[in-house]
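Visitor: Provided below are the primary sequence and the corresponding predicted coordinates.
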Amino acid sequence: MNLPQETLNQALEQLTYGYYLVATRADGDDLKTRNEDWVSAGTVSWAMQSSFTPPLITIAIQKDSNLNETIQKSQVFSLTILGKREQDLIERFAERTDVDYSNNAVNGISYREGATGAPVLDCGVMTLECRLADALTTKGDHLLFVGRVEAVHANNETDEPITDREARLSYAGVPSRS
């Protein structure tokens, strides 16, 4: 089926998205691309609740990312819901993962080890800690990870979650073909 790209983009951009930070940690012995313990963190936009009982969330992670490998090896991740006052973190975590292990900080944000072993970032409105329940590989450029929520942390309940409309960023639609 050949869909008109402009119309498809208009439709996909009507879906609502938030901005989240995903963080995970794996032992160096378990990783193929590095030989040291590794904290990986990044911005995601595609996240949703996918079950009441048990409480599950589903996130989409780019296949060629460090997050993909590290989540698969660690089997845990945290999902931090970014607030409206934290828009600068969207791009900061989209571009790189700089970890200061001596100060337990990633991209300048401190973290602590959560109940699952996943890093819990000291930012956001709330953070969900998840243990990997399932993964779905698609023909697309992202994998779907389904996590069972095992812990919740209230970080800044006075802020409200940021959406793509407020951030005026777009991670939706179909990439233009060159």
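Guide: Happy to help now that I have it. Numbering: from 1, shown residues only.

Visitor: So the residue minimising distance to the centre of the chain versus Leu143, what's the distance?
Guide: Note on the chain: the residue nearest the mean C-alpha position is Val22, at 3.1 Å, using Cα atoms, centre = their mean. Remark: distance between Val22 and Leu143 (Cβ to Cβ, to the nearest Å) = 12 Å. For every residue, glycine as well, the C-beta is placed using N, CA and C.

Visitor: hey, what's in contact with both of those two?
Guide: Common contacts of Val22 and Leu143 (Cβ atoms under 8 Å, 6 or more residues apart in numbering): Ile61.

Visitor: Tell me which stretches of the protein form helices.
Guide: Here the chain has its helices, by DSSP state H, at 5-12, 66-74, 88-95, 164-167.

Visitor: Can you give me every residue that contacts Gly42?
Guide: So Gly42 contacts Leu21, Val22, Ser65, Asn66, Leu67, Phe93, Ala94, Thr97 (Cβ under 8 Å, 6+ apart).

Visitor: could you dump those to a markdown table with pLDDT and distance to Ala41?
Guide: Formatted as a markdown table, the contacts of Gly42 follow (pLDDT from 0 to 100; distance: Cβ to Cβ, whole Å):
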| residue | pLDDT | distance to Ala41 |
| --- | --- | --- |
| Leu21 | 98 | 6 |
| Val22 | 98 | 7 |
| Ser65 | 89 | 11 |
| Asn66 | 86 | 9 |
| Leu67 | 91 | 8 |
| Phe93 | 95 | 6 |
| Ala94 | 92 | 10 |
| Thr97 | 87 | 5 |
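
Visitor: just the buried members of the residues you listed?
Guide: The neighbour count (16 or more other Cβ atoms under 10 Å) marks Leu21, Val22, Ser65, Asn66, Leu67, Phe93, Thr97 as buried among the contacts of Gly42.

Visitor: Output these in CSV; the columns should cover distance to Tyr111.
Guide: Listed next are the buried ones among the contacts of Gly42 as CSV, based on distance: Cβ to Cβ, whole Å:
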residue, distance to Tyr111
Leu21, 10
Val22, 12
Ser65, 19
Asn66, 16
Leu67, 15
Phe93, 12
Thr97, 12
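
Visitor: quick revisit: show me the one of the helices of the chain that comes nearest Tyr101.
Guide: Of all the helices of the chain, it is helix 66-74 that lies closest to Tyr101, at 14.8 Å by Cβ to Cβ.

Visitor: Need the residues that contact that closest one.
Guide: Here helix 66-74 has contacts from 22, 24-27, 30-33, 38, 40-42, 61-62, 77, 97, 117-118, 132, 135, 143, 145, using Cβ under 8 Å, 6+ apart.
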